[in-house]
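**Student:** No sequence on hand, only this structure:
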């Protein structure tokens, strides 16, 4: 187990999620324990069906846990009602999804301003923050466009801007590049990297090792359990390409 | 060939032909059948290096056979092999040998094994990403090489996941 670098933002104890429908019982998460420090970037990996997305949904209160504890900013939140979770998310939890989930009937600008307005910001404050974010994410020119006019990469940047609008304590990200071409994926990753460098705490689900490679730490899920939880430590090697070059017969 | 033979001998003493059969049984048809001469030569070298010792066992109406067993030094060498993560993309997949053979000899837990290799791969991935970052203005050839290495690493990680699904 790795140690958190700073005070804990998130703590999960013996978290369990069971789906039961029509006599069928599926244990999606079977007793997860984990902690995330303030400013930490954690990647969750694992095969399809290992429970990655379920775990992320539980952490953000999108689905209730069957049992176990979730503590966010020192407060126990697993027993909150759906509406209490919604209030908590507005201020403290940002979500980025694989399929962007932007509101199609609103402009890009409105999509980004909405969370701030819902959280009680004045229209002026919401606009100011939106302008900053669009600038930071390089999509200022698209402010008045409908999301459907944007490329996948641009939509994901808008989704990231929306998630960051209220400066959440915790950013939850689900397969951010799963639906993007490689150039757009690189852009989104660069932005996540920058947000992390600026102190944003991030928990991200991905099946892509290049994406996970950005994180401080990787949690490997297997069959609803945490099989491994370890910091990424750069390998002590002089030439990381050595094996590849040998394999390809390219050694000078 | 050295370490796989040591790993098989950690399970039980055996003579050369038994080791050849054990390798074939373990890895099946996909694995090139080891040449018996190569096995004898390797066993002889292992004995010279003090990693195994042999005993002549008399057989009815046939020449004596040499039965090999692991020495303490051999066990130490084997443990060191098992513990050391294997470097990135490989021609001969030594990690796979370890994954299959070490738990058979009671030397390691497969899950721990997979985890330690996975951590190692992520470490290399980080190195490659740092390299990619520093190559931003580089030639397409340099960027493509780093990307190729990353894709290989991704494949290694995917395979590791498959091994985990089947073996753990």
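**Tutor:** Looks like it came in fine. On a predicted model such as this, the values are computed, not experimentally measured, just so you know. Numbering: from 1, shown residues only, chains lettered A, B, ... in the order given.

**Student:** Quickly find the element holding residue 130.
**Tutor:** Here I'm looking at chain A. In this assignment (DSSP states H and E), residue A:130 forms part of helix A:123-136.

**Student:** if you could check chain B rather than the one you did, that'd help
**Tutor:** Short version, using DSSP H and E: residue B:130 is in helix B:110-134.

**Student:** Next, the buried residues of the helix or strand following that helix.
**Tutor:** Sequence-wise, the next helix or strand downstream of helix B:110-134 (DSSP H and E) is helix B:140-167. For helix B:140-167, the neighbour count (16 or more other Cβ atoms under 10 Å in any protein chain shown) marks B:145-150, B:152-154, B:156-157, B:160-161, B:163-164 as buried. The way it works is simple: take the backbone N, C-alpha and C, and place the C-beta from them, glycine included.

**Student:** before we move on, what about stretch A:233-245?
**Tutor:** Along stretch A:233-245, these residues count as buried under the neighbour rule (16+ other Cβ under 10 Å): A:235, A:240, A:241, A:243, A:244, A:245.

**Student:** ok, which stretches of chain A are strands?
**Tutor:** A:8-21, A:24-37, A:41-45, A:67-72, A:75-76, A:93-96, A:170-174, A:201-205, A:217-222, A:225-231 (DSSP state E).

**Student:** what's in contact with the least confident helix or strand in chain B by mean pLDDT?
**Tutor:** The helix or strand of chain B with the lowest confidence, counting by mean pLDDT, DSSP states H and E, is helix B:94-104 at a mean of 84. Residues outside helix B:94-104 that contact it (Cβ atoms under 8 Å, 6 or more residues apart in numbering or on different chains) are B:3-4, B:7-8, B:11, B:26-27, B:81-82, B:85-86, B:108-110, B:113-114, B:117, B:163, B:167.

**Student:** What residues sit buried inside it?
**Tutor:** B:95, B:96, B:97, B:98, B:99, B:100, B:101, B:102, B:103.

**Student:** center of chain A - which residue?
**Tutor:** residue A:173 (1.8 Å; Cα atoms, centre = their mean).

**Student:** Neighbours of the closest residue in space to that residue that isn't next to it in sequence, how many?
**Tutor:** Spatial nearest neighbour of residue A:173, excluding adjacent residues (Cβ to Cβ, 6 or more residues apart in numbering or on different chains): residue A:204 at 4.0 Å. Neighbours of residue A:204 under the rule other Cβ atoms under 10 Å in any protein chain shown: 24.

**Student:** which residues does residue A:204 contact?
**Tutor:** Counting by Cβ under 8 Å, 6+ apart, residue A:204 touches A:41, A:42, A:43, A:44, A:172, A:173, A:174, A:176, A:192, A:211, A:212, A:215.

**Student:** of the residues you listed, closest to chain B?
**Tutor:** residue A:212 (6.9 Å; Cβ to the nearest Cβ).

**Student:** Which residues does the nearest residue to the closest one once chain neighbours are set aside form beta bridges with?
**Tutor:** Distances taken as Cβ to Cβ, 6+ apart put residue A:43 closest to residue A:212, at 3.9 Å, once the chain neighbours are dropped. Residue A:43 has these beta-bridge partners by DSSP bridges: residue A:204, residue A:218.
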